[in-house]
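A.B. asks: Output the structure for:
(2 chains)
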Amino acid sequence: MKKISLTGALMLVILSLSVAQSRRINFQAPQLYPEGITYDQQKKLFYVGSVRTGAIGSVDEQGNYKEIYKSNDLISSFGMKVVPATTRLWICLSDQNPLYSIYSSPSTLKKMARVIAIDLKTNKKVADVDLASLYNGPHFLNDLTYDTKGNLYITDSFSPVIYKIDQSGKASIFAQNELFRSAATGLNGIVFHPSGFLLAVNNGDGTILKIAVNNPSDVQKVAVDRLFSGGDGLIIDKQNRLLIAQNKGINKVSCLESIDNWKSAKVIAATDAYARFQFPSTIALQNDKIWVLNAKLDELKAKNNPPPSKTFFIQQVELKAAK
Amino acid sequence: MNDSFLFYNFFKTQNFVFNFYVTTVSTRKQMNYKLLSKAIVLIAPLLYAEKIVAQKGLPPGKDVSASVNTSFPEHIDFSESLLKNLKVPQGFKVAIAATSLGKPRMMAISDDGTLYVTRRDAGDILMLKDLDNDGRYETLKTAWGNFADVHGIAIHDGMLYGCSSTHLKRAKINPDGSLTDTVTLLKDLPEGAQHNNRVIAFGADGKLYMTVGSSCNDCGETNPEHATMLVMNANGSDRRIFARGLRNTIGFDWQPQTKQIWGCDNGTDWRGDEIPPEELNQISEGKNYGWPQVFGKQQPDYTREEPPGQSLAEFAKTTEPSVMEFPAHSAPIDFRFMTAAKTFPKDYQDDALVCWHGSWNRKNPEGYKVQRIIFENGRPTKVEDFFSGFLSADGKSRFGRPAGLVFAKNGTLFISDDENGVIYSVTHP
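C.D. replies: As a prediction, this is how the structure comes out:
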């Protein structure tokens, strides 16, 4: 009898291992298709956007979604961050793909490039910066980050530039470099490293780039033994490791470590296929927990087949040591 | 007149075996059928001119019972340590050429070694370069983005052609490998449906040949271009059906000695572990290869009703038989003759390679490897493993599924794995 019980228990363990999947926060938000996520340590809420309407909403740990700001002119919202010591949530807005937004139009498609700030005390828009005129080219503001002084750095996936919005709200081109360019989606996720440089990923060629904040013309490829095609959201964790989400069929989050100040880096861990991510786009850090947003944008590209989703999910990232 | 229908009685057992019955029964709607028959007689010529319609003849006259299995070997994530599991014939060497590509499918390579790879799921074409000539592609660029569903790819006269289910496009290849001057040549190809895997290649006649899979596992198609090979001018004009009754022939190529077209066809699912076999066909203009009523060497599929006006057995004799058969459900994807395998032994160069993507619709897994089909005097004589080892010895796990094949000018063979996003190279040093 004991032997049978043990066998049964063992089988259960094997079964649970074979279907193991990390924790998910499911939230109901029909046709939201959120691409950007960030976590507000003070309010203990995730914020997510929407490529479908641009609307901004919050999600709590129980999976309650609440819209906090919307306007028909947002088109699609992408990367977002709450700047610490402020109550401002900064958000990238663009019209990337006519299959995405219900508000997409020829007048904004690949032309719109706005960054807005929502004050999280009032949920009112308190800043709206138009970057489109700074660079003559198509635009897709995809992600943003901030440095220790509160300056913002914004990637444009359709033009080879990084913009800067300083503390006073003044916008400029911070860096321009051919390494940012792609025939499709170029520079995507961007993070500020506490040692004083930016790391960004080129979605089209899979390279990770290091950009010196005090010398933006100094752009170096971080030497890694692989490329990160489809590289999307980035984040630096508390150990100063870089986390990178990849979609476009790769659907993985990898963790990189560097011992030479990001001249080179090594993948030390990654998720595996059994995470069952669906177009993981951007990453949020909640203390020691890492979460990734599953944007499901593949559904929009498939022209409503399968039917549009009503539920989306934020999934905890469980890394497995690289073999 | 009898009505007929399929009665599926699935009951799940512990080892995921399903039972499946097909039967025919009589019904009482004779009057309705008489009226319908008259209508069909009147409109049939029009329909025939327009398309191959789903007309139904008499019941097949035989009942079929089959035991149907599904068996999916467990997925194993890629790691470089798995390379040692891969086997190639003595004298050949296998190496990793690129990793982390997602779901790479078909490939084309330019004379300077630039490799173009389609990713149907991502909807793009990647461009890979091996700048230091060490056999590993260290740079990658998205050469063509926002090309939804792109699968087939070919290079012809300095242009790169890409094909999705519905669209044929081409672009100019610049000296640095980048693509510009993109043009949409066709946008009215049949919907991809179950088989969104168009493949294109240019013949010595300069024409563009394209395989178009069926829309379904087993049905009467309503679009005559489904389940065919098409031929057209390089700009997409003068498109016509070259051959029919090909359920899902993906890769195809011209045998170097005879210049005949050969390709492997994916047989119908849900007929049992051994039925129907995967087929190697010699594809000729105007021929019908039988699907959905006939498989293999003119074998009637008695789960189907007769075609109008003749019995299944009579109709089967009018179709082209397969030339060689392989285990059912092995799933052939790309198929190429080794014409360009300049560094391979000479006796390989008239032979073909076929990627078996691997089965799910049979108890004992088959495929998950690349095989060499040996040709003698222009005809296939035997088959042997060329690149294998993705499937574990007990058949319970896999770490790859071969999809695309391409030879570089220097004779290196590249094989794409669309399960773990790896491209392997095979050389004969």
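
A.B. asks: which SSE is A:Ile290 in?
C.D. replies: strand A:289-294 (DSSP states H and E).

A.B. asks: what lines up beside that strand in the sheet?
C.D. replies: strand A:280-286 (antiparallel), strand A:311-316 (antiparallel) (DSSP bridges).

A.B. asks: do you know which of these lies nearest A:Glu67?
C.D. replies: Nearest of those to A:Glu67, taken as Cβ to Cβ: strand A:311-316 at 13.6 Å. C-beta here means a position set from N, CA and C on the backbone, and glycine is covered the same way.

A.B. asks: Quick check: residues of the stretch 151-300 of chain A near chain B?
C.D. replies: For the stretch 151-300 of chain A, the residues in contact with chain B (Cβ under 8 Å from any Cβ of the partner chain) are A:182-185, A:203-206, A:226-230, A:246, A:248-251, A:272-274, A:298.

A.B. asks: Contact partners for residue 205?
C.D. replies: Unless you meant another one, I'm taking chain A. A:Asp205 is in contact with A:182, A:227, A:229, B:139-142, counting by Cβ atoms under 8 Å, 6 or more residues apart in numbering or on different chains.

A.B. asks: Actually, chain B is the one I wanted.
C.D. replies: B:Asp205 touches nothing, counting by Cβ under 8 Å, 6+ apart.

A.B. asks: who's in contact with the strand holding A:Ile290?
C.D. replies: A:25, A:34-37, A:39, A:46, A:48, A:233, A:235, A:237, A:243, A:245, A:253, A:277-285, A:312-317, A:319.

A.B. asks: again, 7 Å this time
C.D. replies: A:34, A:37, A:48, A:237, A:243, A:245, A:253, A:277-284, A:312-317 (Cβ atoms under 7 Å, 6 or more residues apart in numbering or on different chains).

A.B. asks: How about the contacts made by B:Gln299?
C.D. replies: Counted by Cβ under 7 Å, 6+ apart, B:Gln299 has contacts B:276, B:316.

A.B. asks: If you could redo that for B:Trp144, that was the one I meant.
C.D. replies: Counting by Cβ under 7 Å, 6+ apart, B:Trp144 has contacts A:183, B:124-125, B:162, B:171, B:179.

A.B. asks: do the same with B:Phe407
C.D. replies: B:340-341, B:413.

A.B. asks: For it, list each beta-bridge partner.
C.D. replies: B:Leu413.

A.B. asks: got the residue ranges for the helices in the chain?
C.D. replies: No chain specified, so I'll use chain A. Counting by DSSP state H, residue ranges of the helices within chain A are A:2-18, A:297-301.

A.B. asks: not quite, I wanted chain B
C.D. replies: Going by DSSP H, chain B shows helices at B:30-50, B:312-317.

A.B. asks: worst average pLDDT in these?
C.D. replies: Of all those, the minimum mean pLDDT falls on helix B:30-50 (a mean of 34).

A.B. asks: For the contacts of B:Phe407, pick the one with the most neighbours.
C.D. replies: Taking other Cβ atoms under 10 Å in any protein chain shown as the neighbour criterion, B:Leu413 ranks highest of those with 26 neighbours.

A.B. asks: Test my guess that it contacts B:His428.
C.D. replies: No. Judged on Cβ atoms under 7 Å, B:Leu413 makes no contact with B:His428 at a distance of 8.9 Å.

A.B. asks: Which residue does chain B have closest to chain A?
C.D. replies: B:Gly145 (2.3 Å; Cβ to the nearest Cβ).

A.B. asks: what residues are up against that residue?
C.D. replies: A:183-185, B:124.

A.B. asks: Swap in 8 Å and give it another go.
C.D. replies: Listed by Cβ under 8 Å, 6+ apart, the contact partners of B:Gly145 are A:182-185, A:204, B:123-124.

A.B. asks: and the gap between it and A:Ser229?
C.D. replies: 11 Å (Cβ to Cβ, to the nearest Å).

A.B. asks: for B:Phe202, same thing?
C.D. replies: 28 Å.

A.B. asks: Of these two, which one has the most company?
C.D. replies: Counted by other Cβ under 10 Å, B:Phe202 and A:Ser229 do not tie: A:Ser229 has more neighbours, with 30 against 16.

A.B. asks: quick one: B:Thr166 from A:Ala183, how far?
C.D. replies: 22 Å.

A.B. asks: Could you export the contacts of B:Gly145 to JSON lines, including columns for neighbour count and pLDDT?
C.D. replies: Formatted as JSON lines, those follow (neighbours: other Cβ atoms under 10 Å in any protein chain shown; pLDDT from 0 to 100):
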{"residue": "A:Ser182", "neighbour count": "20", "pLDDT": "96"}
{"residue": "A:Ala183", "neighbour count": "19", "pLDDT": "94"}
{"residue": "A:Ala184", "neighbour count": "20", "pLDDT": "95"}
{"residue": "A:Thr185", "neighbour count": "22", "pLDDT": "97"}
{"residue": "A:Gly204", "neighbour count": "27", "pLDDT": "97"}
{"residue": "B:Gly123", "neighbour count": "21", "pLDDT": "95"}
{"residue": "B:Asp124", "neighbour count": "27", "pLDDT": "97"}
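
A.B. asks: Now that B:Ala408 has come up, it's in contact with B:Ile109, right?
C.D. replies: Yes. With contact defined as Cβ atoms under 8 Å, B:Ala408 reaches B:Ile109; the gap is 5.1 Å.

A.B. asks: Identify the contacts common to these two.
C.D. replies: By Cβ under 8 Å, 6+ apart, the residues touching both B:Ala408 and B:Ile109 are B:115, B:414.

A.B. asks: Who has more neighbours out of the two?
C.D. replies: B:Ala408 (24 against 21).

A.B. asks: Torsion angles phi and psi at the more buried one?
C.D. replies: Per-residue torsions, B:Ala408: phi -80, psi 160 (degrees, to the nearest 10).

A.B. asks: for it, what are its contacts?
C.D. replies: B:109, B:113, B:115, B:340, B:414.
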